[in-house]
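Participant: Prediction below, plus the sequence it came from.
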Amino acid sequence: MDETKYIILHRAAVKRLAETASSEAGDLSSPTERPPADVVTIESVNERDAADIARNPDLVASPSVPVSLIRPVATNSGAEDDALREAKEKGGSWGVLDVAPKADEKAGSSVVVAVLDTGIDGEHPAFRGVSLERKNFTRSPHDDDRVGHGTHCAGTIFGRDVNGVRIGVARGVRRALIGKVLDDEGIGETAAIAQAIQWAHQQGAQIISLSLGMDFARLVQFHEDLGKVRAEALSIALSAFRDTVRVFDGLVHSLSMLAVLQRRGVILVAASGNESARSAAKPYAVDVSLPAAAIGMVSTGAVGRGANGYEIGDFSNTNPQLCAPGVGIVSARRGGELSAMSGTSMATPHVAGVAALWWERTMRDNPNADGELVRRKLLESCRTSGFVPGVKIVDRGAGLTQAP
């Protein structure tokens, strides 16, 4: 009997974590050092076992479904050249200069950041002095970045200056966890994402950046290509989306419970997605994608600069919690030098970098601070001015992320 890979959330484990966290929340004297409970496991099961799991009230299961990098939006070469020229003239990528103008070269040195993406070009000069701890969650034999997406995103979070051009928000980060969850074609699966999130947390990550997502429309098309009629394909995709949301909700919730027990925490930042087309002949905006849609994720939309202020990226999905620069962003290019890209993938690492700076500031002011306090600081500090007239809260969220 054929087997399918499932992500399984163990509700009883989550409940035990919550009860333990509640009983120990008031004791700040000694952090609990127990290892994280296996609240989410990955198992290959046959159809009969899957049915048994579905009937078990203590379990929530979802088949592992495809995810992909939030692909950068195509721009003409002239626009990329202009972005690179401007960055060289001003000494930095405009997004970094707008959200963290005061951050010095040592900012973020006490924070551990994880980037779950296509890997990283560890030889790029942007990452000199950074301890890169890597783990490959794909079937690719290559641990490095063969796509360039992960390298660009990592550069925006903690990249050092390249030839006098500032590309990184938190340039002082000294330790980074690099989870390769997307293969050399930029494709992965939700099971790998869940495993990588748990790995990053166990390794001490305080910030986890995810510029990837589940394309619902593509999943529907996938099942139609297998011969399913439209209604059945929609039903299968919707069921997978619903169950995946539940699993990731539970995973993020379990991490928040562990934050209480271990006196630390983790902030997960995820791209809202690029499936919208706001200036098309028939404009439309798609809702935030997975995993950004999970409760507890800091979902991130993208803005660009217009003549009258910040504009929501034409491609940026709706209902993000906040937004960040995501149009014409200059960062590290695989193989060396710099390149400009656009997308919510490019906005997300700005927020991850800003979160690292807020984490460092908050811990300096309050050694007992946890991830939830830092998350509130991140949202409360967002800038709501400077947008073009008519920008809706549903599109910009709390506003443009801002470093302390």
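Facilitator: Everything's here; your move.

Participant: Tell me, please, the helix or strand in this protein that averages the lowest pLDDT.
Facilitator: With mean pLDDT, DSSP states H and E as the measure, the helix or strand of the chain carrying the lowest mean pLDDT is helix 11-24 (a mean of 72).

Participant: Rounded mean pLDDT for the next helix-or-strand element following that helix, please.
Facilitator: Downstream of helix 11-24, the first helix or strand assigned by DSSP states H and E is strand 40-46. Confidence over strand 40-46 (mean pLDDT, whole number) is 90.

Participant: buried stuff in strand 40-46?
Facilitator: For strand 40-46, the buried set under the neighbour-count rule, 16 or more other Cβ atoms under 10 Å, comprises 40-42, 45. Backbone N, C-alpha and C define where each C-beta goes, glycine included.

Participant: ok, now stretch 282-294?
Facilitator: Residues 285-294 are the ones in stretch 282-294 that count as buried (16+ other Cβ under 10 Å).

Participant: what residues are up against Ala324?
Facilitator: With contact set as Cβ atoms under 8 Å, 6 or more residues apart in numbering, Ala324 has these partners: 95, 99, 300-303, 347-348, 350-351, 354, 400-401.

Participant: among those residues, which are in helices?
Facilitator: Counting by DSSP state H, the members of those that fall within helices are 95, 99, 347-348, 350-351, 354.

Participant: Check the residues you listed and tell me the two furthest apart.
Facilitator: Spatially, the most separated pair among the ones in helices among the contacts of Ala324 is Val99 and Thr348, at 12.3 Å (Cβ to Cβ).

Participant: who's more crowded, these two?
Facilitator: Thr348 (33 against 23; other Cβ atoms under 10 Å).

Participant: Is the more buried one in contact with Leu212, as I believe?
Facilitator: No: checked against Cβ atoms under 8 Å, the pair Thr348 and Leu212 is beyond contact range at 9.3 Å.

Participant: between those two, what contacts are shared?
Facilitator: 70, 270-271.

Participant: Now which of those would you call buried?
Facilitator: Under a neighbour-count criterion of 16+ other Cβ under 10 Å, the subset of the shared contacts of Thr348 and Leu212 counted as buried comprises 70, 270-271.

Participant: how near is the residue lying closest to Met341 once chain neighbours are set aside to Thr348?
Facilitator: The shortest distance from Met341 to any non-neighbouring residue, by Cβ to Cβ, 6 or more residues apart in numbering, is to Pro72 (4.1 Å). In this structure, Pro72 lies at 12 Å from Thr348, with Cβ to Cβ, to the nearest Å as the measure.

Participant: which among the shared contacts of Thr348 and Leu212 gets closest to Ala12?
Facilitator: Distances from Ala12 to the shared contacts of Thr348 and Leu212, taken as Cβ to Cβ, are shortest for Ala270 (27.0 Å).

Participant: The closest one bridge partners, please.
Facilitator: According to DSSP bridges, the residues that bridge with Ala270 are Leu210, Ser299.

Participant: residue contacts, the spatially most central residue of the chain?
Facilitator: By Cα atoms, centre = their mean, the mean C-alpha position of the chain lies nearest to Leu210, the distance being 2.2 Å. With contacts defined as Cβ under 8 Å, 6+ apart, Leu210 is in contact with 116-117, 193, 268-271, 291-292, 297, 348.

Participant: Could you check how far it is from Gly273?
Facilitator: Leu210 is 11 Å from Gly273, where distance means Cβ to Cβ.
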